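A.B. asks: Provide a 3D model corresponding to the input given below.
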Amino acid sequence: MPNNLLIQGPEKGVRLFTLNRPEALNALNTALLGELSAALDDAEADPATRAVVITGSEKAFAAGADINEMAARDLVGILEDPRQAHWQRITRFPKPIIAAINGFALGGGCELAMHADILIAGENARFGQPEINLGIMPGAGGTQRLCRAVGSSLAMQLVLTGEQINAERALQAGLISEICPTELTVERAIKIAEIIATKAPLAVRLAKEAVHKAEDTDLATGLRFERHAFTLLAGTADRAEGLKAFQEKRKPQFKGC
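C.D. replies: Numbers count the residues shown, from 1 in each chain. Predicted coordinates for the structure are as follows:
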């Protein structure tokens with residue numbers, strides 16, 4: 001059986017997941033999403049893993065869903081699609097995910113990238129939701145996450161035309177946080193993950209959740225959650241260590257408690 005997902009680490013608190021279906025430009029079939037889901041289960045349970053980087057090849061992060069697999073499913077097959085559970089698992093992952101994106105991130109690939117908390121793109125990256133060209137529409141969060149990331153007008157244009165945008169346009173629109181030379185994209189994403197891995201794990205987890213609250217709730221509710229999370233952290237040993245380390249002018253040693 002082919003290994004659809006290559007896993008490295010954890011090293012310095014970071015696991016690297018590499019999508020590995022080069023013959024299909026890393027198209028996201030059920031097997032690949034299942035392997036990714038299982039890998040995230042392991043990463044969540046491992047206290048030594050504090051952040052995850054997901055990448056593909058220099059040619060394609062992921063060029064979309066597996067069209068042959070999709071064509072074999074009728075209405076009932078779509079309703080009972082096991083991939084939905086895998087997508088939900090990625091959404092629920094509590095630790096930071098950094099996407100290192102080179103080449104095509106289209107359809108399901110763009111949706112997977114948008115499941116990440118931080119998106120780093122190579123100069124050759126291209127983003128789009130071309131499902132409309134097949135007589136369908138995004139089905140793994142493309143309409144919702146894209147609208148929140150780039151605004152309704154550009155999201156509508158991409159979804160209804162199937163057009164692609166390059167890395168520079170994606171940066172201008174707010175879809176990604178920075179652009180790197182293609183050969184340095186993964187290295188840069190890992191570096192960001194390593195920096196995050198040095199921080200207090202509970203603070204990172206609650207901070208991630210609080211930022212996501214801003215996307216799916218009103219300001220007052222988000223502010224209440226933020227204050228509640230801030231207050232909870234007051235009872236952690238890591239908070240005491242962080243304050244003490246600052247006073248003693250040394251690097252903190254966070255334990256995740």
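A.B. asks: Okay, helices next: where are they in the stretch 151-257 of the chain?
C.D. replies: 152-161, 167-173, 185-197, 201-216, 219-233, 237-247 (DSSP state H, counting those that start in this stretch).
A.B. asks: Deepest in the core, which of those is it.
C.D. replies: helix 185-197 (a mean of 20; mean count of other C-beta atoms under 10 Å). All C-beta spots, glycine's among them, are computed from the backbone N, C-alpha and C.
A.B. asks: What helices and strands are in contact with that helix?
C.D. replies: strand 14-19, strand 51-55, strand 97-101, strand 118-122, strand 178-180 (3 or more C-beta pairs under 8 Å, 6 or more residues apart in numbering; DSSP states H and E).
A.B. asks: Save those as JSON lines, and put in mean neighbour count and mean pLDDT too.
C.D. replies: JSON lines is the format used below for the helices and strands packed on helix 185-197 (neighbours: other C-beta atoms under 10 Å; pLDDT from 0 to 100):
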{"stretch": "strand 14-19", "mean neighbour count": "22", "mean pLDDT": "98"}
{"stretch": "strand 51-55", "mean neighbour count": "26", "mean pLDDT": "98"}
{"stretch": "strand 97-101", "mean neighbour count": "28", "mean pLDDT": "98"}
{"stretch": "strand 118-122", "mean neighbour count": "25", "mean pLDDT": "98"}
{"stretch": "strand 178-180", "mean neighbour count": "18", "mean pLDDT": "97"}
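A.B. asks: For residue 27, find the nearest of those.
C.D. replies: Closest of those to residue 27 is strand 14-19, at 9.2 Å (criterion: C-beta to C-beta).
A.B. asks: Name the spans of the stretch 51-200 of the chain whose pLDDT lies under the cut-off.
C.D. replies: 71-80 (pLDDT under 70).
A.B. asks: one more time with 80
C.D. replies: The stretch 51-200 of the chain contains residues with pLDDT under 80 at 65-83.
A.B. asks: mind listing the helices for the stretch 1-150 of the chain?
C.D. replies: Using DSSP H, counting those that start in this stretch, helices in the stretch 1-150 of the chain cover 30-45, 67-71, 75-79, 83-92, 108-115, 142-150.
A.B. asks: Pairing-wise in the sheet, spell out the partners of the nearest residue to residue 178 once chain neighbours are set aside.
C.D. replies: Residue nearest to residue 178 in three dimensions, not counting chain neighbours: residue 120, with 5.9 Å by C-beta to C-beta, 6 or more residues apart in numbering. Judged by DSSP bridges, the bridge partners of residue 120 are residue 100, residue 178.
A.B. asks: Enumerate every residue touching residue 120.
C.D. replies: Contacts for residue 120 (C-beta atoms under 8 Å, 6 or more residues apart in numbering) come out as 98-101, 176-178, 180, 185, 188-189, 192.
A.B. asks: Could you export the residues you listed as JSON lines, including distance to residue 54?
C.D. replies: As requested, the contacts of residue 120 are exported to JSON lines (distance: C-beta to C-beta, whole Å):
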{"residue": "98", "distance to residue 54": "7"}
{"residue": "99", "distance to residue 54": "5"}
{"residue": "100", "distance to residue 54": "7"}
{"residue": "101", "distance to residue 54": "9"}
{"residue": "176", "distance to residue 54": "14"}
{"residue": "177", "distance to residue 54": "15"}
{"residue": "178", "distance to residue 54": "16"}
{"residue": "180", "distance to residue 54": "15"}
{"residue": "185", "distance to residue 54": "12"}
{"residue": "188", "distance to residue 54": "14"}
{"residue": "189", "distance to residue 54": "9"}
{"residue": "192", "distance to residue 54": "13"}
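A.B. asks: Quickly name whichever of these is closest to residue 35.
C.D. replies: Distance to residue 35 across the contacts of residue 120 (C-beta to C-beta) is lowest for residue 99, with 16.8 Å.
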